[in-house]
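Q: Structure of the sequence below:
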Amino acid sequence: MNNYYRTIIINLHRIIYYVIKARIWMRHPERHTEEERYAVAKEMVTKMNKSAGYNTIAYGTENLPKEGGYLLYPNHQGKYDVPGIFFTHEKPVSFVMDEKRSHIILVNEFLELVDGKRLVLNDPRQAITVFQQVAAEIRQGRKYILFPEGGYEENNQNVVEEFKPGSFKLAQMAKCPIVPTVLIDSFKVFNSGHKGPATTYIYYLEPIPYEEFKSMKTKDIAKMVEDRIKAKIEEHTGA
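A: You can find the predicted model right below:
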């Protein structure tokens, strides 16, 4: 039995509890602050990790901007990527994900708790609308995760695929810092043949201020962030 189904079975009672709780809360989201809803999402991840033996070690949390909104741009490895970030990111952070995958039970509740956004792939008009909404929220101080690879390969062994330049248009629209975020061994948790406990790693690299990239072409921003993430993976793994 792979880790994904093993974790569901171990945590079935918790999944039922948190799905019901999230749905009740989201009937009247105005009754619960962003911090309260994020705390529930983090609690869910923490209990899942403890029950199944998963741990995420973070480096560079001191690099996260103390004030204002920003965008985390991580490499993408699998289903554990967002939970791993939540496990290590103290302040509320939300995320943008593929609309087709967003309606799976628990994923849907997870997304709604943190007021995440659904992106319809291959629909430029909808993408622009979502980017406008997210950019406005970031300018008001919210934090978001956006995966510039778009998708991920199963069991990817820490290989980083080419970043999509269009994803960095959001950072220019929001006029916010970019935080290159490095995920290492995240694929082992749910997207590999690995079974049992797993340890993953996150590096929050030094933020790139808006002034540094505001006049750059998005393809050059994508290359810059991708190169920094690859370099840290090579440094960590010794590859």
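Q: where in this structure is pLDDT low?
A: 239 (pLDDT under 70).
Q: go again using 90 as the cut-off
A: For the chain, applying pLDDT under 90 flags the ranges 1-2, 101, 105-106, 121-122, 150-151, 193, 238-239.
Q: residue closest to the middle of it?
A: The residue lying closest to the centre of the chain (CA atoms, centre = their mean) is Val82, at 3.7 Å.
Q: Help me confirm that that one is found in a helix?
A: Yes: counting by DSSP: H, G, I helix; E, B strand; the rest coil, Val82 is located in a helix.
Q: Quick check: closest non-adjacent residue to it.
A: Phe95 (5.4 Å; CB to CB, 6 or more residues apart in numbering). For every residue, glycine as well, the C-beta is placed using N, CA and C.
Q: before we move on, what SS does that neighbour have?
A: Assignment for Phe95 (three-state DSSP): strand.
Q: Please report the distance of it from Tyr144.
A: 6 Å (CB to CB, to the nearest Å).
Q: Please apply the same query to Ala171.
A: Distance from Ala171 to Tyr144, by CB to CB: 10 Å.
Q: Over to Ala58?
A: Plainly put, Ala58 is 18 Å away from Tyr144 if you go by CB to CB.
Q: go on, Glu36?
A: Glu36 is 19 Å from Tyr144, by CB to CB.
Q: more neighbours, those two?
A: For Glu36 and Tyr144, the more surrounded residue by other CB atoms under 10 Å is Tyr144, and the numbers stand at 24 against 12.
Q: Report the contact partners of that one.
A: The contact partners of Tyr144, by CB atoms under 8 Å, 6 or more residues apart in numbering, come to Gly69, Leu71, Leu72, Val93, Ser94, Phe95, Val96, Val134, Glu137, Ile138.
Q: That one pairs with what?
A: Leu71, Ser94 (DSSP bridges).
Q: can you pull the contacts of the residue nearest to the centre of the chain?
A: Contacts of Val82 (CB under 8 Å, 6+ apart): Phe95, Met97, Phe110, Ile145.
Q: Quick check, the first one in contact with Val114.
A: Yes: between Phe95 and Val114 there is a contact under CB atoms under 8 Å: 7.1 Å.
Q: quick one: stretch 108-118 to chain centroid distance?
A: Centre-to-centre, stretch 108-118 and its host chain are 12 Å apart (CA atoms, centre = their mean, to the nearest Å).
Q: how about the strands of this protein, start to end?
A: With strands called from DSSP state E, the chain shows them at 54-59, 70-74, 94-98, 117-119, 143-145, 178-184, 198-204.
Q: in its sheet, what does the fourth one sit against?
A: Each strand that strand 117-119 pairs with, and the sense of that pairing, follows from DSSP bridges: strand 94-98 (parallel).
Q: Could you list the residues in contact with the strand it pairs with?
A: 82, 111, 114-119, 121, 130, 134, 142-146, 151.
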